[in-house]
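Student: Kindly generate the corresponding structure for this input.
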Amino acid sequence: MDARDIVKVATATCSTPLGPVRLYGEARGLLAVVLPAQRCMEIEQRMVERLVRVGAAGVVLKEDPQLLAEALRQLEEYFTGRRWCFDLPLVLLGTPFQESVWRAVTEIPFGATWTYQQLAERIGRPEAVRAVGAALGANPIPIVVPCHRVIGARGALCGYAGGLAVKEWLLAHERAVSSRCVPLPPALDALEGAVQRASTTLSLDPLGVPEEPDEDETSEEATDVRPVGDSSGVCRGHTE
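Tutor: Got it, this is the predicted structure:
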């Protein structure tokens with residue numbers, strides 16, 4: 001962005017089987033996806049702080065479903081089983097380490113899972129398993145950047161910012177869509193033990209103990225505008 005721009009952020013709500021999902025985006029791309037169990041106010045504040053840190057003079061939020069129409073359409077297709085990957089420009093606001101983790105997550109095929117260790121190895125940091133978990137917990141664009149596809153070494157769900165019930169639902173949904181032989185899972189509020197509201201502090205790494213961030217993980221946030229499913233071959237699967 002040009003120095004000292006006022007950034008206009010559009011917001012919209014998508015009705016999903018999980019409940020209402022909030023979207024945030026600006027002219028360059030999608031900024032955030034907020035799941036029902038997450039706290040919109042906290043995420044908005046964090047988003048605004050990061051935009052200011054990378055040069056915005058201020059941020060104005062306005063309900064504008066038209067600007068987010070393509071993201072809304074693709075999410076609707078995902079939840080109805082007609083989309084296996086997203087093709088949206090994303091504005092990633094994180095440290096270089098966080099962004100490397102988020103990019104690698106988009107390489108996990110629809111209906112598949114990686115372990116935290118596999119993800120750490122993918123980014124060339126096999127010793128940074130806990131830091132990878134922390135980066136996933138900070139992912140601002142869940143579902144589109146599918147951190148729900150990362151699980152523990154023994155198959156445990158481990159953690160998810162949107163709640164473990166949501167993570168379980170998303171994985172079941174993708175298995176059903178990719179297998180074509182089992183029905184889609186019911187709406188989340190129909191399941192026993194529906195979503196519990198996320199706590200202020202989440203332990204999202206597979207060992208349950210936050211790792212002290214490395215120097216490169218605490219560096220100034222960078223801004224990267226990049227489509228998921230671009231010519232680098234990140235997108236896996238298909239749409240119908």
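Student: how about the strands in this structure?
Tutor: Secondary structure of the chain by DSSP state E: the strands cover 6-16, 19-26, 29-34, 58-63, 89-94, 114-115, 150-151, 222-227.
Student: what's the third one in contact with?
Tutor: Looking back up the chat, that one is strand 29-34. With contacts defined as C-beta atoms under 8 Å, 6 or more residues apart in numbering, strand 29-34 is touched by 9, 21-25, 40, 43, 47, 68, 71, 75, 88-91, 93, 140-144, 225, 227. In short, each C-beta sits where N, CA and C put it, glycine included.
Student: which of the residues in the helix ranked longest in the chain are buried?
Tutor: Ranked by number of residues, the top helix in the chain under DSSP state H is helix 164-179. Of the residues in helix 164-179, 164-171, 173-178 count as buried by neighbour count, 16 or more other C-beta atoms under 10 Å.
Student: and that helix, C-alpha only, in PDB?
Tutor: C-alpha atoms of helix 164-179 as PDB (Å, rounded to 0.1, in the frame of the first residue of the first chain):
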ATOM      1  CA  LEU A 164     -12.200 -28.600  18.200                       C
ATOM      2  CA  ALA A 165     -15.800 -29.300  17.200                       C
ATOM      3  CA  VAL A 166     -15.400 -27.000  14.200                       C
ATOM      4  CA  LYS A 167     -12.100 -28.700  13.300                       C
ATOM      5  CA  GLU A 168     -13.700 -32.100  13.500                       C
ATOM      6  CA  TRP A 169     -16.600 -31.000  11.400                       C
ATOM      7  CA  LEU A 170     -14.400 -29.500   8.700                       C
ATOM      8  CA  LEU A 171     -12.300 -32.700   8.400                       C
ATOM      9  CA  ALA A 172     -15.500 -34.900   8.300                       C
ATOM     10  CA  HIS A 173     -16.900 -32.600   5.700                       C
ATOM     11  CA  GLU A 174     -13.900 -32.900   3.500                       C
ATOM     12  CA  ARG A 175     -13.700 -36.700   3.900                       C
ATOM     13  CA  ALA A 176     -17.300 -37.000   2.900                       C
ATOM     14  CA  VAL A 177     -17.000 -34.700  -0.200                       C
ATOM     15  CA  SER A 178     -13.800 -36.400  -1.400                       C
ATOM     16  CA  SER A 179     -15.100 -40.000  -0.800                       C
END
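Student: any idea of the mean pLDDT in it?
Tutor: Averaging pLDDT along helix 164-179 yields 95.
Student: One more: stretch 188-199?
Tutor: On average, stretch 188-199 scores 45.
Student: Over to stretch 117-125?
Tutor: Averaging pLDDT along stretch 117-125 yields 97.
Student: in stretch 27-47, what's buried?
Tutor: So, applying 16+ other C-beta under 10 Å, buried residues of stretch 27-47: 29-38, 43-44, 47.
Student: Report the two of those residues separated the most.
Tutor: Across the buried residues of stretch 27-47, the longest distance by C-beta to C-beta is 24.4 Å; it joins Gly29 and Ala37.
Student: list the contacts for the most centrally placed residue in the chain?
Tutor: Nearest to the geometric centre of the chain sits Pro142, at 1.9 Å (C-alpha atoms, centre = their mean). Shown in contact with Pro142 (C-beta under 8 Å, 6+ apart): Val33, Leu35, His148, Ala161, Gly162.
Student: Quick check: phi and psi at the second one.
Tutor: Summarising the backbone geometry of Leu35 under the convention degrees, to the nearest 10, its torsions are phi -80, psi 160.
Student: how many other residues sit next to the nearest residue to it once chain neighbours are set aside?
Tutor: Excluding the flanking residues, the one nearest Leu35 by C-beta to C-beta, 6 or more residues apart in numbering is Gly162, at 3.5 Å. When counting by other C-beta atoms under 10 Å, one arrives at 25 neighbours for Gly162.
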